[in-house]
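Chemist: Provide a 3D model corresponding to the input given below.
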Amino acid sequence: MPEILIATDADAVFEEVSSVVAGPDTLIRRVRTGPGVRDAINARPVDLAIVDLQIGTMGGIAVALDLRLESDAGRLAPAPVLLLLDRRADVFLARRSGVQGWLLKPLDPRRVRRAVAALLDGGTFHDATYLPQPVAVPLGGGDGSGGGREDGGGDFAGGSKDREGSVEGSLEAEDRAEAG
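Modeler: All right, here's what the predicted structure looks like:
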């Protein structure tokens, strides 16, 4: 029977997450403050801690770092952490904190179930929601002529040949072409 700790001070977030992970064989506990997470796990270890990034008095990143450091020092039972992030830019912080998984809000039941299952099985879950898709953008005049290359191939971000034939950064070459 897995035991899951949900750390959030927002009732709506707790209701949304607990309604998805609840089941007859799952025990759900809740804390409303960041410092309460360590105390709750110290009192009774959990199989998974789901931590909201915007929890009061101690944010989700600080909670995740605290749990990892205490666990690494042998003062706390290890528990995988699933962070609930507010925006894509928060992924950088989640990676740096060493959590096993993260989800971006707004949450949907399918992603929550997949993330919880992955972490309970000892894996990781890194939500790709709102991940920007790379796009190759041709550089040059925009007339389809290949951006000034003699071989007809287009120049793409990452480098272009200037008039002398040396490869330079695409923005620097364009600035010189416009100024010259």
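Chemist: name the helix or strand of this structure that has the lowest mean pLDDT.
Modeler: Sorted by mean pLDDT, DSSP states H and E, the helices and strands of the chain end with strand 167-168, the least confident at a mean of 40.
Chemist: which element, helix or strand, includes the most centrally placed residue in the chain?
Modeler: Most central residue of the chain, judged by C-alpha distance to the mean C-alpha position with CA atoms, centre = their mean, is Val91 at 3.0 Å. Secondary structure here is read from DSSP states H and E; on that basis Val91 sits in helix 91-97.
Chemist: C-terminal to that helix, what's the next element?
Modeler: Using DSSP H and E, the helix or strand that directly follows helix 91-97 along the chain is strand 101-104.
Chemist: so what are the sheet partners of that following strand and their directions?
Modeler: Partner strands and pairing direction for strand 101-104 (DSSP bridges) are strand 81-85 (parallel), strand 125-126 (parallel).
Chemist: pick the most deeply packed of those.
Modeler: strand 81-85 (a mean of 27; mean count of other CB atoms under 10 Å). Yep, even glycine has a C-beta here, placed from its N, CA and C like the rest.
Chemist: who touches that one?
Modeler: For strand 81-85, the surrounding residues in contact (CB atoms under 8 Å, 6 or more residues apart in numbering) are 8, 13, 17, 48-53, 60-61, 63-64, 67-68, 90-91, 94, 97, 99-105, 107, 115-116, 119, 125, 127.
Chemist: still on that earlier bit, can I get the strands paired with strand 101-104 in CSV with mean pLDDT and distance to Asn42?
Modeler: Formatted as CSV, the entries for these read as follows, by pLDDT from 0 to 100; distance: least, CB to CB, whole Å:
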stretch, mean pLDDT, distance to Asn42
strand 81-85, 97, 15
strand 125-126, 96, 25
